[in-house]
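Trainee: model the structure of this input:
(2 chains)
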Amino acid sequence: MQRIHRLETDQLKDQVPEFSVGDTVEVSVKISEGSKTRIQKFQGIVIARKHGGLRETFTVRRTTGTGNIGVERIFPLHSPNLTDIKVLRFGDVKRAKLYYLRQKIGRAARVKEKRLR
Amino acid sequence: MLKGLIGRKLGMTQIYHEDTLIPVTVLELGPCTVTAVRTPDRNGYSAVQVGYGAAKEKKLSKPLRGQFAKVGVEPRNWLVELPCDAEDAYEAGQTFDVGIFAEVQSVDISGRTKGRGFAGNVKRHGFAGGPKTHGSKFHRAPGSIGACAWPSKVVKGKRMAGHFGDENFTVRNLKVVRVDAENNLLYVKGAVPGAKGGRIVVRVRG
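Mentor: Numbering: from 1, shown residues only, chains lettered A, B, ... in the order given. Below is the predicted model:
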């Protein structure tokens, strides 16, 4: 068991940007279509971080159009396809999972910005 | 080159392979020592007997002790015969490690499946069972096991409840994902019979 665990930790990314639930992030994902690869960016609020170790994932939610169509994407944190995570804004939240944002529309679906001292 | 190796199953995990996360089983194989060679002249067939794991000499039977002493090999606690080509010359005392899988695409893996005791049809044969609720009285029973006056018996081989597991089983055509010669580890895609720490035989396919 311990040996398996060690094999998994070998595959973890050395550096993962520090971000937490509530933050607004821009995620760069490598997408390969046929032989071509390109970088796609996805921006939104992190509403959940799940699992641990190699299997850790996070969910990013954004709203499109008039702000009432929600799009959520789940990214594996340690995937080699995930090239970059930029934190654009720190959020001040009191929940570990922001699933309540799904019920909110428009201005209500915002997260307070964290004041850094 | 030897056509297989024996060892233990370490367990399952996931690794990123070619940018996708795939399920793998990690196996600890070898290093295996050749403890005997079967030749067509003497035995009527070609095979290599390999040994794995260290054994206490006092726990071995006298014939085995004699065999190890004769070929000058450290006592091994598990011996398996692997088929080989007659032309290849092997000698007792030779050692093989996972390096033999470096060029190999896929393997067949044999092991002893986990014993599940006396199991019903749903678990043992994958029967669907009946509804659990809505007034149903038919849950996990096998249902009808045959016709009536003719043949007035249950046909042979009818799938029924009984002992499940703890039997030899071979999974074929598992892809080799990675060979870690330094730590004697072989990564194959998919599941392998048996519990963690269980003994397994890996054979090169084809």
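Trainee: now the residue of chain B found nearest chain A, which residues is it bridged with?
Mentor: Nearest residue of chain B to chain A, counting by Cβ to the nearest Cβ: B:Gly11, 4.8 Å away. For the C-beta atoms, the positions are set from N, CA and C on the backbone; glycine is no exception. Beta-bridge pairing for B:Gly11 (DSSP bridges): B:Val26.
Trainee: let me see the contact set for A:Leu31.
Mentor: Let me fix one detail, which is that residue A:31 is Ile and not Leu. A:37-40, A:81 (Cβ atoms under 8 Å, 6 or more residues apart in numbering or on different chains).
Trainee: of these, which are in range of chain B?
Mentor: A:Asn81 (Cβ under 8 Å from any Cβ of the partner chain).
Trainee: looking at the contacts of A:Ile31, which are in strands?
Mentor: Using DSSP state E, the members of those that fall within strands are A:37-40.
Trainee: show me which of the contacts of A:Ile31 are buried.
Mentor: For the contacts of A:Ile31, a burial check counting by 16 or more other Cβ atoms under 10 Å in any protein chain shown picks out A:Asn81.
Trainee: farthest-separated two in the contacts of A:Ile31?
Mentor: Maximum pairwise distance among those (Cβ to Cβ): 11.6 Å, between A:Arg38 and A:Asn81.
Trainee: got any residues that touch both of those two?
Mentor: A:30-31.
Trainee: which SS class is the closest residue to chain B within chain A?
Mentor: Proximity of chain A to chain B (Cβ to the nearest Cβ) peaks at A:Ile4, 4.8 Å away. Each residue gets one of three states, and A:Ile4 gets helix by DSSP: H, G, I helix; E, B strand; the rest coil.
Trainee: quick one: the helices in the chain?
Mentor: All of this is about chain A. With helices called from DSSP state H, chain A shows them at A:2-9.
Trainee: not quite, I wanted chain B
Mentor: Using DSSP H, helices in chain B cover B:40-43, B:62-71, B:121-125.
Trainee: among those helices, show the one with the smallest mean pLDDT.
Mentor: The minimum mean pLDDT among these belongs to helix B:40-43 (a mean of 88).
Trainee: what residues does that helix touch?
Mentor: B:46, B:86.
Trainee: how far is it from where the chain is centred?
Mentor: Here helix B:40-43 is found 27 Å from its chain centre; the criterion is Cα atoms, centre = their mean, to the nearest Å.
Trainee: restricting to C-alpha, output that helix in CSV.
Mentor: Taking Å, rounded to 0.1, in the frame of the first residue of the first chain, the C-alpha atoms of helix B:40-43 are listed here in CSV:
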residue,chain,number,x,y,z
PRO,B,40,13.3,-32.6,-24.8
ASP,B,41,16.0,-35.3,-24.4
ARG,B,42,15.5,-35.7,-20.7
ASN,B,43,12.0,-34.6,-20.0
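Trainee: tell me the buried residues in that helix?
Mentor: Per 16+ other Cβ under 10 Å, helix B:40-43 contains no buried residues.
Trainee: kindly report the same for stretch B:158-170.
Mentor: Neighbour counts over stretch B:158-170 (16+ other Cβ under 10 Å) mark B:161, B:164-165 as buried.
Trainee: other residues contacting it?
Mentor: For stretch B:158-170, the external contacting residues (Cβ under 8 Å, 6+ apart) are B:108-121, B:123-125, B:127, B:142, B:145-146, B:193.
Trainee: mind listing the strands for the chain?
Mentor: Reading this off chain A. So, for chain A - with DSSP E - the strands run A:24-33, A:36-50, A:57-64, A:69-76, A:82-89.
Trainee: actually chain B
Mentor: B:4-17, B:20-29, B:32-38, B:47-54, B:76-83, B:95-96, B:106-112, B:117-119, B:162-164, B:168-180, B:185-189, B:199-204.
Trainee: A:Thr59: which of those strands is closest?
Mentor: strand B:20-29 (16.8 Å).
Trainee: among the helices and strands of chain B, which has the poorest mean pLDDT?
Mentor: Across the helices and strands of chain B, mean confidence by mean pLDDT, DSSP states H and E is lowest for helix B:40-43: a mean of 88.
Trainee: I figured B:Leu185 was touching B:Glu28, is that so?
Mentor: Yes: under the criterion of Cβ atoms under 8 Å, B:Leu185 makes contact with B:Glu28 at 6.0 Å.
Trainee: so what's in contact with those two at the same time?
Mentor: With Cβ under 8 Å, 6+ apart, B:Leu185 and B:Glu28 have common neighbours B:Leu10.
Trainee: up against chain B, what does chain A have?
Mentor: A:1, A:3-4, A:7-8, A:11, A:30, A:32, A:54-55, A:76, A:78-81.
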